[in-house]
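Engineer: Here is my input; please provide its structure:
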Amino acid sequence: MLWGCTGFTGGLVAEYFATAVTAKYPQVTWALAGRNKTKLQAVLQKLKTLNPQCNPGVIQASVDDQVSVDNMVRQGRVLLSTAGPFVEFGTPVVDACVRLGCDYVDTTGETPWVKSLIDSYHQQAEKNGVYVVPMCGFDSIPSDLGTFFLGQSSCSQFGPEQGQLDSVRGYYVSNGGPSGGTLRSGMNMNTTLKQQFDNPFLLGGQKSSGVRKEDKDITTHTFNKNMGLWTAPFGMAGINTRVVRRSTALTSTSSDEKQQVYRDTFSYNEEAVAPNEKFAKKMANPPPPEVVKRLIESGRLPKPGQGPSAEFRAKSFFGGIFVGTNRKGVSLIASVKGGDPGYTETSKMVAESALCLVLQRKALLRHGGVLTPSYAFGGVLVQRLQTAGIDFKVEKVGEYTPKDVMKIMKTFKPVRAKL
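Structural biologist: The predicted structure is shown next:
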């Protein structure tokens with residue numbers, strides 16, 4: 001069930017199902033779900049023009065009517081949600097999924113809301129065997145799965161103990177544009193929920209020593225001599241770092257050796273790569289929420305339901321470089337890269353996450369709970385995303401130079417991603 005398919009991101013997810021999923025997995029039945037029947041029918045007609053063979057169902061429900069949400073959830077095995085802001089609209093849907101035994105994935109980046117899900121639903125979801133996996137888009141699959149991928153690669157080469165990661169630092173390059181829904185959610189996080197949002201261990205994983213220097217959010221620009229790059233605060237870091245840290249907390253309790261890829265002292269942080277010092281300084285001083293609000297109201301930034309055009313997305317790309325050190329003291333570099341990050345590739349990421357549960361649930365190692373993408377899906381999702389065109393690669397094992405980094409950077413280029 002594609003809940004929120006009448007929105008901007010949800011519409012792209014529906015297109016992915018109508019084309020890629022329908023072509024490859026004709027046995028998968030799916031439905032468009034939302035509160036406005038007229039808009040649902042409009043989405044259906046658009047999908048029919050893309051692929052006359054697709055035949056999704058249509059389910060009408062509203063978060064203001066829990067009975068209708070329950071009736072929706074009873075009709076499927078997996079619910080995929082893109083309906084935000086999730087702090088406003090998400091909880092009744094998750095509540096129904098946990099009670100009624102329906103797995104759940106979404107595209108939220110709202111860490112305070114995810115914290116509320118952990119507090120309210122983790123134990124019950126685990127008991128009921130229900131997967132609740134938020135943050136299955138650009139927030140935070142590249143960081144969470146990229147770090148896990150690096151850890152598994154290290155343990156495979158150096159053994160389960162010596163290969164465990166001691167630290168990882170992520171470096172991002174991206175040029176995608178925002179949607180109105182994303183901006184609205186971000187404004188909520190930076191105003192009413194800012195105190196929670198700023199907690200580096202909001203979702204768990206804090207060490208007994210407390211918040212260390214390497215755990216604190218990066219707020220300044222700098223020149224990284226080892227990488228040969230100017231770096232600056234990354235806008236998604238306040239989300240991604242929390243998810244990776246929750247993954248480390250979850251894996252520390254796992255009995256599966258393949259999941260034990262992090263040392264007890266593990267640290268993770270991430271930055272954005274800037275082309276020069278001037279741009280790095282600008283990135284370190286983003287506009288405050290009140291300015292963003294004025295830009296939205298004036299039409300200079302997208303309103304909810306709006307987002308970057310297909311032409312703009314076709315020219316957009318992202319690349320993440322993950323530099324780690326393992327227990328043996330060896331440096332390793334992995335990369336994750338693809339096309340337009342926030343929408344085209346996010347649609348793939350969340351769709352393939354849902355398909356893990358639809359098609360490969362028995363291959364997963366977990367039994368339920370409010371989980372992170374890497375802990376829930378692990379290598380199963382890495383393989384699915386590789387097949388879908390999002391590349392995971394070990395780039396370097398051992399000492400590296402700025403030339404090595406630049407060689408990787410040159411592979412980050414616009415990819416005409418196909419829905």
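
Engineer: only C-alpha atoms for contact and neighbour calcs from this point on.
Structural biologist: OK.

Engineer: quick one, phi psi at the nearest residue to Ile333 once chain neighbours are set aside?
Structural biologist: With sequence-adjacent residues excluded and distances taken as C-alpha to C-alpha, 6 or more residues apart in numbering, Ile333 is closest to Val323, at 4.6 Å. In terms of degrees, to the nearest 10, the main-chain angles of Val323 are phi -100, psi 120.

Engineer: what bridges to Val323?
Structural biologist: Using DSSP bridges, the beta-bridge partners of Val323 come out as Arg169, Ile333.

Engineer: State the distance from Val130 to Pro85.
Structural biologist: Distance of Val130 to Pro85, computed by C-alpha to C-alpha, to the nearest Å: 23 Å.

Engineer: If you could redo that for Lys225, that was the one I meant.
Structural biologist: To Pro85, Lys225 is 40 Å away according to C-alpha to C-alpha.

Engineer: of Val130 and Pro85, who's got more company?
Structural biologist: Using other C-alpha atoms under 10 Å, the more surrounded residue of Val130 and Pro85 is Val130, with 24 against 20.

Engineer: Correct me if wrong: Gln124 contacts Val98.
Structural biologist: Yes. Assessed by C-alpha atoms under 8 Å, Gln124 is found in contact with Val98 at 7.1 Å.

Engineer: Who has more neighbours out of the two?
Structural biologist: Under the neighbour definition other C-alpha under 10 Å, Gln124 and Val98 were set side by side, and Val98 has more, 26 against 16.

Engineer: Show me the domain layout of the chain.
Structural biologist: The chain breaks down into these domains under automatic domain parsing: 2-133, 141-341+387-409.

Engineer: Distance to Leu381 and mean pLDDT for those domains - can I get that in a markdown table?
Structural biologist: Formatted as a markdown table, the domains of the chain follow (distance: least, C-alpha to C-alpha, whole Å; pLDDT from 0 to 100):
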| stretch | distance to Leu381 | mean pLDDT |
| --- | --- | --- |
| domain 2-133 | 13 | 97 |
| domain 141-341+387-409 | 8 | 89 |
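
Engineer: Quick one, which of those gets closest to Ser347.
Structural biologist: Smallest distance to Ser347 across those (C-alpha to C-alpha): 4.8 Å, for domain 2-133.

Engineer: and the next element down the chain from the biggest strand by length in the chain?
Structural biologist: With secondary structure taken from DSSP state E, the chain has its longest strand at strand 262-274. Beyond strand 262-274 on the C-terminal side, the first helix or strand identified by DSSP states H and E is helix 277-283.

Engineer: This completes my enquiry, with thanks.
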